[in-house]
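Colleague: kindly return the folded structure for what I paste below:
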Amino acid sequence: MTEKEKAVAGLLYNANYDQELIDHRIVCKDLCHQLNVALPSDIEAQRELFPKIVGSVGKDFFVTTPFQCDYGYNIFIGDNFYSNHNLIILDCAKVTIGNHVFIAPNCCISAAGHPLDFENRNIGLEFAYPITIEDNVWIGANVTILPGVTIGKNSVIGAGSVVSRSIPADSIAVGVPCRRIKAVPTA
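Modeller: Now for the predicted structure:
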């Protein structure tokens, strides 16, 4: 089983010394660099580059640079997506982002994690679990979303939160660790 196959299966894998994964990251990092150095006024160049980075993106998206990710091909984004400055997506596993998702500045979506025992960490092993952000979600500034989390549709994640477990649909959730504090008000 290759290291990439282990990652997809949710097993411990070695991303640090596996040449296939290193090569994939280099290709992605080069594309991210091209996106990030495009003039802010050159919207056309940005709209052409971003779909080359990610697995798929729907219509009407805007990514305010800088943007970084590891592989890109594990990121699947729906329609009407917006992210502000400094979005980082560590997409060692599949990251699915629904329609009408808005992400504030300085957010990190990390499907990657590391073992608690130092022996496995020291030899470069890590794990990756999928992340899903459903439709109509708003993520506040400086939010970190950790491996294996699902954020339910119509939810709002408050600024500065660390989302370490799944959040149900229609929730306002905040804190470290992030937890649901109430339902989203209906109009």
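Colleague: give me the helices and strands touching the lengthiest helix in the chain, please.
Modeller: Using DSSP state H to define each element, the chain has its longest helix at helix 19-37. Counting contacts by 3 or more CB pairs under 8 Å, 6 or more residues apart in numbering; DSSP states H and E, helix 19-37 packs against helix 3-8, helix 43-53, strand 67-69. (Glycine included, C-beta is placed from N, CA and C.)
Colleague: and those as CSV, adding mean neighbour count?
Modeller: Formatted as CSV, the helices and strands packed on helix 19-37 follow (neighbours: other CB atoms under 10 Å):
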stretch, mean neighbour count
helix 3-8, 18
helix 43-53, 16
strand 67-69, 20
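Colleague: confidence score at Gly124?
Modeller: Each residue has a pLDDT score; the one for Gly124 is 89.
Colleague: quick check: it touching Leu12?
Modeller: No: using CB atoms under 8 Å, Gly124 is not in contact with Leu12, being 9.9 Å away.
Colleague: out of the helices and strands packed on helix 19-37, which is closest to Ala173?
Modeller: The closest of the helices and strands packed on helix 19-37 to Ala173 is strand 67-69. By CB to CB, the value is 24.1 Å.
Colleague: partner strands of that closest one, with direction?
Modeller: Paired neighbours of strand 67-69 in the sheet (DSSP bridges): strand 87-90 (parallel).
Colleague: helices and strands around the helix or strand that comes right after the strand it pairs with, which ones?
Modeller: Next in sequence after strand 87-90, counting helices and strands by DSSP states H and E, comes strand 95-97. Packing partners of strand 95-97 (3+ CB pairs under 8 Å, 6+ apart): strand 75-77, strand 131-133.
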